[in-house]
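J.: sequence and predicted structure are below.
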Amino acid sequence: MATACVLFVDDEPAVLSGLRRVLRTRCDDWDLEFADSGRAALDILARRPVDIVVSDMRMPGMNGAGLLSHVQARHPGTGRLMLSGHAERDAVVSAVGPTQQYLSKPVETDLLVDTIQQMLATRSLVCSPRLQAVLGTVTTLPKPPSVLVEVLATSRDPDSSVEDVAAIIQHDVGAVAEILHLVNSGFFGLPTQVDGVEQAVSLLGLDTIEALAMAGAVFGPGAPVPVGLDLAAFSARAMEVASTCRRISELEGWPADVRADLFLAGLMNEVGLLALAVEWPDRWASLRAADPGDLSERHVLEQAAFGCSVTEASAFLLSTWGFRRGIVELLAAQPCHPDDRPQKPPAAQVLALARGWVSGAPRELTLIENGWLDAARLQSWLQSGSNQAVA
């Protein structure tokens, strides 16, 4: 495997010197590059492939947002991480689009190294450079134009509440992904691990929501939706998967963090399809026409059509956006074939089961006579009404 190249950009010599000293002893398996300006960074990118660019925000001439915008346009497969000790709203709005992840300065070395390692690990989910470039440029997902219109109108209405804005957002999977990506990104110095739309809107505030929507940083309609892709049905199916996962995890008495990861993995299980279908509408149309219903067979068809499965694309996209590792791992573990399901974590098995039920897979195909997910456990869920969303 080729050595990963990580490029650090900061106009302060002391910062670059400190990074050299700390990282050369911690990450001897990385090829480190350093640049003291955006222009110098672009020169390095023109000379050699770079896996991750880590840039400061405030720099003279070309600031971090400008640099990462260039990287996004010219080197779409390169990861983009922003470091900044400043979070003025105007600066944040300009940086949200081209930035995949954000860390506040001063940043602990362990957190910086772990974040970069996770960004590099993401690349193994989708090995094709073409796919990495396609998914790496995604900043907004296709959604009904009405989402932006309604969010703006409601956020400006003095009689509207956080609950009103959240109600609009939570009916569209693309909008949910964008708001959770934003609130957990670190741009605003808010608490991490925000799992609910209403909490996200409350923490950001209606003024910030309006400013970001006006700037096109979130909630824009994105690329045109391919013919036949019903976004309302897509979001409804995702919510059924998520709701089924939540009911089962509650019955099992799993910890709150596991339940939250499983719910969001269910909600986002096909979010990668939005990017793939927009990029290759003809391939998606052919896949849709040939869809066998069975998740294992569908996985094979997706691999043939796109070069990766939809859940792999979802895992790549969410990992790139900094979603929690638990969510990404649940998606990466799919489709959980019946033969290998006993070797997968119980939460991944539940996600596979919920996806199968919602897609209409015969329930007898989900039975396993050994391992954690056996007939007795499955029957107890059915009797409790855990499959009511797809009954």
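T.: Great, that's in hand.

J.: so what's the residue most central in space within the chain up against?
T.: Closest to where the C-alpha atoms of the chain average out (Cα atoms, centre = their mean) is residue 318, at 1.7 Å. Applying Cβ atoms under 8 Å, 6 or more residues apart in numbering, one finds that residue 318 lies in contact with 177, 268, 271, 327-328, 331. Bear in mind the C-beta positions are built from the backbone N, C-alpha and C, glycine included.

J.: closest to residue 241 out of those?
T.: Residue 241 lies nearest to residue 268 out of the contacts of residue 318, by Cβ to Cβ, at 9.5 Å.

J.: quick check: that closest one vs residue 163, distance?
T.: For residue 268, the distance to residue 163 (Cβ to Cβ, to the nearest Å) stands at 22 Å.

J.: which one of the two is surrounded by more residues?
T.: Just comparing residue 268 and residue 163: by other Cβ atoms under 10 Å the higher neighbour count belongs to residue 268, 26 against 11.

J.: how about low-confidence regions in the stretch 51-200 of the chain?
T.: Scanning the stretch 51-200 of the chain for pLDDT under 70 picks out the ranges 86-95, 188-192.

J.: can I take it that residue 55 is in a helix?
T.: No. With DSSP: H, G, I helix; E, B strand; the rest coil as the criterion, residue 55 is strand rather than part of a helix.

J.: quick one: contacts for it?
T.: Neighbouring residues of residue 55 by Cβ under 8 Å, 6+ apart: 8-10, 38, 41, 64, 67-68, 80-83.

J.: if we go to 7 Å?
T.: 9, 64, 67-68, 82-83 (Cβ atoms under 7 Å, 6 or more residues apart in numbering).

J.: and residue 111, by the same measure?
T.: Residue 111 sits next to residue 103 when contact means Cβ under 7 Å, 6+ apart.

J.: now do residue 325
T.: So residue 325 contacts residue 118 (Cβ under 7 Å, 6+ apart).

J.: what pLDDT is listed against it?
T.: Residue 325 is assigned 89 on the pLDDT scale.

J.: tally of neighbours for residue 3?
T.: 10.

J.: scratch that, residue 41
T.: Residue 41: 28 neighbours (other Cβ under 10 Å).

J.: same question, residue 274
T.: Residue 274: 28 neighbours (other Cβ under 10 Å).

J.: surely it is in a strand?
T.: No. Counting by three-state DSSP, residue 274 falls outside a strand, being helix.

J.: for it, which non-adjacent residue is spatially closest?
T.: Excluding its sequence neighbours, the residue lying closest to residue 274 (Cβ to Cβ, 6 or more residues apart in numbering) is residue 141, at 4.7 Å.

J.: list the contacts of that neighbour.
T.: Residue 141 makes contact with 174, 177-178, 222, 271, 274-275 under the criterion Cβ under 7 Å, 6+ apart.

J.: redo that, cut-off 6 Å
T.: Residues in contact with residue 141 (Cβ atoms under 6 Å, 6 or more residues apart in numbering) are 174, 222, 274.

J.: next: residue 169.
T.: Listed by Cβ under 6 Å, 6+ apart, the contact set of residue 169 reads 175, 179, 197.

J.: let's see it at 7 Å
T.: 151, 175-176, 179, 197 are the contacts of residue 169 under Cβ under 7 Å, 6+ apart.

J.: wait, which of the residues you listed is closest to residue 51?
T.: For these, the residue nearest residue 51 by Cβ to Cβ is residue 179; the value is 28.0 Å.

J.: helix or strand for the closest one, which one?
T.: Element membership of residue 179 [criterion: DSSP states H and E] is helix 173-183.

J.: in the stretch 251-391 of the chain, which spans are helices?
T.: Under the criterion DSSP state H, counting those that start in this stretch, the stretch 251-391 of the chain carries helices at the ranges 256-267, 271-279, 281-290, 295-306, 310-320, 325-332, 346-359, 375-384.

J.: could you measure residue 78 against residue 72, distance?
T.: Distance from residue 78 to residue 72, by Cβ to Cβ: 8 Å.
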